[in-house]
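1. What would the 3D arrangement of this be:
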Amino acid sequence: MNDQTATVMRGRGLTWRSLLALLYITFVFQSSMAFMHLVTGSTPAYSAVQWATILLFIELAAVFAGTKLTIFEAVIIYLAAGQTIKYWWFLAPTTGNLAHPGWIYQAYLRYSPVSVALGLADKIPWFYAPESYEVWLQRTLFHQEWTIVALWTSVYLLAAMFGDFAMSILGYHLYVRIEKLPFPYADPIVDTTRTLIEREWRRMSVLGASSILGFAYGLLLYTLPLTGEVFLNVNLRTIPIPWADYNYLIQQILPGASFGVATDLAVMATGFILPFSVVLGSLIGSIAIYIVGNHLLVKYGITGFAQEYTYGMDIQTIWQRSVLWAWAMPMVGFAIAMGIIPLLLRPKDTYRALKAFKRITESAAEFNIGWVIGLFLAATLSLSFVDYWLAPDFPPIYLILLNIIIPFVTMLVAVRGEGLGVSIGVPYTREMVIKATGYPGINAWFVPIYTSSSWVTGFKVCDMTNTRVKDMILGMFIIFPVALLIGYITVQSLWRVAPIPSSIYPGVLYAWPVQATFQSIFISPEAAVFFQVPYIIYGFISGSILYVVGHVLKITPLIIGAAGGLSSPIPSALSVFVGAVIGLVMQHLLGREFWRSIRGIIYAGILLGEGLAVTIGTGLAVIIRSMWASPY
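-> A predicted model of the protein is given here:
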């Protein structure tokens, strides 16, 4: 069967039911996931939301429409749901991609104690964050000084959507249709979707029970403290958030070390679904840095952290200060090694990918390749033009390098890794390129830079289920602006409830100073003492050696997990590991196949229950606080 015939016979997945499901995720889950981000300090996984929504709409379709949700609709719900949660565009970028918009973090950086201490606060340009203190004081996104931020965010939005679309289409033709790589992560998506479509009541019971557990725990952990603070101005917190701190115990034996346990049940349940080798590696990496490494720094008086340390110093402070003084640059080098060394170990694969690019033909495509390339160039050149307008002292050739050439090359290598089941990426590309040029200015450090993301596994899933690829793309483009609007309103509402960061949102209270530390180290001249190129090299060498050893011994997931654990505080890594151990015990008791069939549903139920509790608490807090809260 040729490609054109396959395209004609593919099932339609974009229907009123799948669109309604996408809108449901956008409206119902955005506020709860944003709140969980604020209290845990990291972006929560939303795969459970996707599966839970499919389950819900399977039942709704059967009860109210008298028909079955088709596998094509379920696939589109799962795949296009990746564009339904966009609150973080207005909250904060990820640590490894500081070139992405994150409005409140941008404003926070102007007043952050870290930025002030490192001499960055007064250098932040007008287009990156509002200059008026009134905006920060009143906690509002509805102010005229956000206009320029909204302008370049809109251009970045177009570059991100059209760039990701174009790069993914190219990657799809190169690695799915021409080279026919396996894309192993597509298999569980297809298998789980087909299982849910069959409507097994036993699994529905598991989902219900775990949802009740998550809801009850979420009420205790999140809703009760939040409503007590807002309604009664009383601290009703019985469980610490985001972790229980036991530093005072471990520091009696190992000065400088940290130890604690994350208290969010969903964090622990994450260990149910992650590969055990990755979880183990993450724990090893975290222990190596925050227990062994920090203790050695204090014991031998190495770096300024040893001078700052005092007995009883909490997890947050130790995490921030040790990263600043000792670990930030080795982490960057280690991460770069995780992206580059896999390519060097597979030179023939990289060469074949470049060679295969010549074989793309329009006859094999649902989309005109020339049109796709033109769309990509138009979007990224527009972003480069805006960047040059914002930073006219930075050579435009480097902006083209950052927005066009580097994303194209990283697409080639990252999607090839994706096709083989290996995660490959290099963080801080903007920062490293600017640093390498010797740029003496400030503005270029804050311009938005396009970083490609892949949809290729989703296209592979469409192939495997005979779903129209165009439906997936159209669904993403339809829901994306809606998600941005709801994300904007959500973040504004949460900001009105309480300052961000604050004790109400303790996760970012811990995480943002670390992120600001990374950003300041790259930019501020006063922070030059912390930007140590030899430390980056040491990290790169260490990461390279470990990855090569892992490649030879076939334990690369362990090494990749360790790379993630370097930046993960002990409580998070430990709680996920506890979840993974519980998963192994349950697998032994219940049997491998049965446990694997319900573990994702248990995780989904816990996330659903906690999300519902958070949604109720947040909704009540927003309503009450909006009625009588002072902006101060």
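2. what about the stretch 451-600 of the chain, any weak spots by pLDDT?
-> Low-confidence segments of the stretch 451-600 of the chain (pLDDT under 70): 525-531.
3. Just say helix, strand or coil for residue 128.
-> Three-state secondary structure (criterion: DSSP: H, G, I helix; E, B strand; the rest coil) places residue 128 in coil.
4. Pretty sure it sits against residue 106.
-> Yes: between residue 128 and residue 106 there is a contact at 5.6 Å, judged by Cβ atoms under 8 Å. To be clear about C-beta, it is placed using only N, CA and C from the backbone, and glycine gets the same treatment.
5. Looking only at neighbour counts, state which of the two leads.
-> Legend: neighbour count by other Cβ atoms under 10 Å for residue 128 and residue 106, higher for residue 128 (23 against 20).
6. how near is the more buried one to residue 218?
-> Noted for residue 128: a distance of 35 Å to residue 218, by Cβ to Cβ, to the nearest Å.
7. got it, and residue 178?
-> Distance of residue 178 to residue 218, computed by Cβ to Cβ: 47 Å.
8. Mind checking which of those two has more residues around it?
-> Set side by side, residue 178 and residue 218 show more neighbours around residue 218, with 28 against 17, by other Cβ under 10 Å.
9. Hmm, residue 80 is touching residue 480, no?
-> No: using Cβ under 8 Å, residue 80 makes no contact with residue 480, being 9.1 Å away.
10. which of those two has more neighbours?
-> Set residue 80 next to residue 480 and count neighbours by other Cβ under 10 Å: residue 80 wins out with 29 against 19.
11. Quick one: neighbours of residue 194, just the number.
-> As a burial measure, residue 194 scores 13 neighbours (other Cβ under 10 Å).
12. gap between the residue lying closest to it once chain neighbours are set aside and residue 341?
-> Leaving out its chain neighbours, the residue that sits closest to residue 194 by Cβ to Cβ, 6 or more residues apart in numbering is residue 71, at 6.4 Å. Distance of residue 71 to residue 341, computed by Cβ to Cβ: 39 Å.
13. Likewise for residue 545?
-> Per Cβ to Cβ, residue 545 is found 9 Å from residue 341.
14. again with residue 442
-> On the measure of Cβ to Cβ, residue 442 and residue 341 end up 33 Å apart.
15. Neighbour count for the two, which is higher?
-> Taking neighbours as other Cβ under 10 Å, residue 442 and residue 341 compare with residue 341 leading, 22 against 18.
16. which stretch of helix or strand covers the more buried one?
-> According to DSSP states H and E, residue 341 maps onto helix 328-345.
17. Just the mean pLDDT for that helix, thanks.
-> Taken as a whole, helix 328-345 carries a mean pLDDT of 79.
18. then that helix to CSV, C-alphas only?
-> Extracted C-alpha coordinates of helix 328-345, given in CSV (Å, rounded to 0.1, in the frame of the first residue of the first chain):
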residue,chain,number,x,y,z
ALA,A,328,26.6,24.8,38.6
MET,A,329,29.4,24.7,36.1
PRO,A,330,30.2,21.0,36.4
MET,A,331,26.5,20.3,35.9
VAL,A,332,26.6,22.3,32.6
GLY,A,333,29.6,20.3,31.4
PHE,A,334,28.0,17.0,32.4
ALA,A,335,24.8,17.9,30.6
ILE,A,336,26.7,18.9,27.4
ALA,A,337,28.5,15.5,27.6
MET,A,338,25.1,13.7,27.7
GLY,A,339,24.2,15.4,24.5
ILE,A,340,27.4,15.2,22.5
ILE,A,341,29.0,11.9,23.4
PRO,A,342,26.1,9.7,22.1
LEU,A,343,26.6,11.4,18.7
LEU,A,344,30.3,10.6,18.7
LEU,A,345,29.7,7.0,19.6
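19. Over to residue 567: give its phi and psi.
-> Main-chain torsions, residue 567, degrees, to the nearest 10: phi -100, psi 0.
20. Going forward, the N-terminal residue is numbered 33.
-> Sure thing, new numbering starts at 33, so read that last one as residue 599.
21. check contacts around the closest residue in space to it that isn't next to it in sequence.
-> Excluding its sequence neighbours, the residue lying closest to residue 599 (Cβ to Cβ, 6+ apart) is residue 363, at 5.8 Å. The contact partners of residue 363, by Cβ atoms under 8 Å, 6 or more residues apart in numbering, come to 355, 571, 598-599.
22. now the helices for the stretch 483-632 of the chain?
-> Applying DSSP state H, counting those that start in this stretch to the stretch 483-632 of the chain gives helices spanning 488-497, 501-529, 538-555, 565-585, 588-597, 602-622, 624-660.
23. all helices for the stretch 183-332 of the chain, in order.
-> Ranges of helices in the stretch 183-332 of the chain, per DSSP H, counting those that start in this stretch, are 218-229, 233-250, 256-259, 279-282, 297-305, 308-319, 326-331.
24. Could I get the average pLDDT for the second one?
-> Put plainly, it is helix 233-250. Helix 233-250 carries an average pLDDT of 84.
25. what's the angle from that helix to helix 218-229?
-> 100 degrees (axes from the mean of the first three to the mean of the last three Cα atoms, to 10 degrees).
26. Dump the C-alpha coordinates for helix 233-250 into CSV.
-> Extracted in CSV, the C-alpha atoms of helix 233-250 (Å, rounded to 0.1, in the frame of the first residue of the first chain):
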residue,chain,number,x,y,z
TRP,A,233,-13.9,-2.2,34.6
ARG,A,234,-11.2,-3.6,36.8
ARG,A,235,-8.9,-0.8,35.7
MET,A,236,-11.7,1.7,36.2
SER,A,237,-11.9,0.5,39.8
VAL,A,238,-8.2,1.0,40.3
LEU,A,239,-8.5,4.5,38.9
GLY,A,240,-11.4,5.3,41.3
ALA,A,241,-9.6,4.0,44.4
SER,A,242,-6.4,5.8,43.7
SER,A,243,-8.2,9.0,42.9
ILE,A,244,-10.0,8.9,46.3
LEU,A,245,-6.6,8.3,48.0
GLY,A,246,-5.1,11.2,46.1
PHE,A,247,-8.0,13.5,46.8
ALA,A,248,-7.9,12.8,50.6
TYR,A,249,-4.2,13.4,50.7
GLY,A,250,-4.4,16.5,48.5
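27. what's that helix in contact with?
-> Contacting residues not belonging to helix 233-250 are listed as 84, 87, 227-228, 297-298, 629-630, 633-646 [Cβ under 8 Å, 6+ apart].
28. Could you pick out the buried ones from these?
-> Taking 16 or more other Cβ atoms under 10 Å as the criterion, what is buried in the contacts of helix 233-250 is 84, 87, 228, 297-298, 629-630, 633-646.
29. Quick check: buried residues in stretch 359-375?
-> For stretch 359-375, the neighbour count (16+ other Cβ under 10 Å) marks 359-374 as buried.
30. Sorry, wrong one. I was asking about stretch 156-170.
-> Buried residues in stretch 156-170, counted by 16+ other Cβ under 10 Å: 156-157, 159-162, 167-168.
31. got it, and stretch 427-436?
-> Across stretch 427-436, burial judged by 16+ other Cβ under 10 Å covers 430-436.
32. SS state for residue 133?
-> From three-state DSSP, the assignment for residue 133 is coil.
33. what residues are up against it?
-> If you count contacts by Cβ under 8 Å, 6+ apart, residue 133 has them with 121-122, 125, 181, 184-185, 188, 480.
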